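K.L.:
With the input below, show me the fold.
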Amino acid sequence: QVQLVESGGGLVQVGGSLRLSCAAAGRPFSAINMAWFRQRPGKEREFVAVIGQSGASTAYVDSVKGRFTISRDNARNTAYLQMSNLKPEDTAVYYCAADQIAWRILHDYSYWGQGTQVTVSS
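P.N.:
As a prediction, this is how the structure comes out:
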């Protein structure tokens, strides 16, 4: 079992920045891939970014490339999503997810956090 707790969401203006955190417990953190997904109003949950166990490998959805950065601190059992140049279309509930082998596919993930709301205001 892995327990995930997100934090860092909030209200930000267009062009602003936020950093989301996802604290994990219950399984060696360095043995799991960590990902961020989001669910925009009226939309299905979608992949945003993923980082491999060592942090050396990452992947992003095209719409956030160059604006979002995923990272992890294995000593702190925490993954991060640094979001910059935020746009209204980034408004969503952001979820972190963990799995030993999953990568970009939502249904492959075994563990999920409760989500944190990000609202980008114009």
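
K.L.:
And residue 53, how far from residue 113?
P.N.:
Using Cβ to Cβ, to the nearest Å, residue 53 is found at 18 Å from residue 113. Just so you know, the C-beta spots here come from the backbone N, C-alpha and C atoms, and that holds for glycine as well.

K.L.:
before we move on, what about residue 73?
P.N.:
From residue 73 to residue 113 the distance is 17 Å (Cβ to Cβ).

K.L.:
Of those two, which one has the most company?
P.N.:
Counted by other Cβ atoms under 10 Å, residue 73 and residue 113 do not tie: residue 113 has more neighbours, with 22 against 12.

K.L.:
nearest residue to the more buried one other than its sequence neighbours?
P.N.:
In space, residue 113 comes closest to residue 4 once its chain neighbours are excluded; the distance is 3.7 Å by Cβ to Cβ, 6 or more residues apart in numbering.

K.L.:
in whichever helix or strand that neighbour is part of, what's buried?
P.N.:
Element membership for residue 4 (DSSP states H and E) is strand 3-7. Neighbour-count burial for strand 3-7 flags 4, 6 (criterion: 16 or more other Cβ atoms under 10 Å).

K.L.:
Stretch 24-31 too?
P.N.:
Across stretch 24-31, burial judged by 16+ other Cβ under 10 Å covers 24, 27, 29.

K.L.:
quick revisit: show me how far the strand holding residue 4 is from its chain's centre.
P.N.:
Its chain's C-alpha centre and that of strand 3-7 lie 10 Å apart, by Cα atoms, centre = their mean, to the nearest Å.
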